[in-house]
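Chemist: Any chance you can model this:
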Amino acid sequence: LDAILASPALTGAVTGVDVRDCKTMAPLYAHNAVVRLIPASNRKLFTAALAMSTLGPDYTFTTKLVGPAPRPNGVIVGDVTLVGSGDATFTTADAHAMAQKLYDKGVRDVVGFVGGNGDAFTDGPYPNGWGWDTLSDYYAPEVSALEIDDGVMDVTVTADVLGNSPKISLGGPDGYVMVRNRAN
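Modeler: Next up, the predicted model:
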């Protein structure tokens, strides 16, 4: 560990390491062990360990499509809801595949609301301890049990001539987000 921490790649970085025996908690190695540092991504290790011990190694988060059965004429009368449970890998392509499965089963219309439900997590969109200054970063989207494409949408703003309104284009499905462009 001394050699790793002495690496030129870490020049200027502040590092802290505290390695202990799991059973006795006796110190095995320490480097700046009492320096208070923000845990950052190391916190993920504890989250992963808790998830593994609680959920087990074979657990899979799922996103389900819930609604009434279609009528013989291929119409679903009632609401169809995409219900998330925390699947961080769910994508627009997965949603399209679900829609294709409905189509393949003969569904041609939905008379009702089609939407999503990400309410399985009850502690709000931003976990405790998140700094306000990082909330606009791409890697810090609101936390929801239903996220599509990492909870991120690309926004491109281009301007051709000074004084003209810039053009705004969005990545993702059309109509998902409405933009009112009042810039000039």
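
Chemist: for this protein, what spans make up the strands?
Modeler: Secondary structure of the chain (DSSP state E): strands located at 17-20, 27-31, 63-66, 75-77, 80-84, 109-111, 114-117, 155-158, 167-170.

Chemist: Run through this structure and note the low-pLDDT ranges.
Modeler: By pLDDT under 70, the low-scoring segments of the chain are 40, 172-176.

Chemist: Ser144: which of the strands of the chain is closest?
Modeler: Each of the strands of the chain was scored for nearness to Ser144 using Cβ to Cβ, and the closest is strand 80-84 (6.9 Å). Every residue, glycine included, has its C-beta placed from N, CA and C.

Chemist: So in that sheet, which strands flank the closest one, and in what orientation?
Modeler: strand 63-66 (antiparallel), strand 114-117 (parallel) (DSSP bridges).

Chemist: If you count neighbours, what's buried in that strand?
Modeler: Val80, Thr81, Leu82, Val83, Gly84 (16 or more other Cβ atoms under 10 Å).

Chemist: among the strands paired with strand 80-84, which is nearest Val155?
Modeler: Going by Cβ to Cβ, the one of the strands paired with strand 80-84 nearest Val155 is strand 114-117, 20.4 Å.

Chemist: What are the contacting residues of the closest one?
Modeler: Strand 114-117 has contacts (Cβ atoms under 8 Å, 6 or more residues apart in numbering) with Asp79, Val80, Thr81, Leu82, Val83, Gly84, Ala145, Leu146.
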